[in-house]
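K.L.:
Structure for this input, please:
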Amino acid sequence: MKHNRGSMDLQRWMTRFQTTGNRLIESWMDLLPDVEMTNPEAAVYIEQQRQAHVQQQQNLAGIAAQPGQPHAAVAWTDELA
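P.N.:
Have a look, this model is predicted:
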């Protein structure tokens, strides 16, 4: 992914560089195996990530509740609906 700018306009060069980078990423994504949402391993992984995120948000909310601590974003809950 070599792109020398040379005498090319900076904006045009940056656009060309980003386009080439996006094409590179997309070409690598074609090599990944397709994973269906019904795959049990995928469902377990997603649930683990969701639980880890909820735990992290609860920890941040606990820290933010203490006086003198910085504000922390609290995850959306059904109670806020």
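
K.L.:
Tell me which residues of the strand or helix carrying residue 63 come out buried.
P.N.:
Taking DSSP states H and E as the definition, one finds residue 63 inside helix 40-65. By 16 or more other CB atoms under 10 Å, the buried positions in helix 40-65 come out as 57, 60. In this view, the C-beta of every residue, glycine as well, is placed from N, C-alpha and C.

K.L.:
Show me what it packs onto, helices and strands only.
P.N.:
Helix 40-65 sits against no helix or strand, with contacts defined as 3 or more CB pairs under 8 Å, 6 or more residues apart in numbering; DSSP states H and E.

K.L.:
How far off centre is that helix?
P.N.:
15 Å (CA atoms, centre = their mean, to the nearest Å).

K.L.:
again with stretch 57-73
P.N.:
For stretch 57-73, the distance to the chain centre is 23 Å (CA atoms, centre = their mean).

K.L.:
sorry, back to before: what is the mean pLDDT for the helix holding residue 63?
P.N.:
Within the predicted structure, the mean pLDDT of helix 40-65 is 84.
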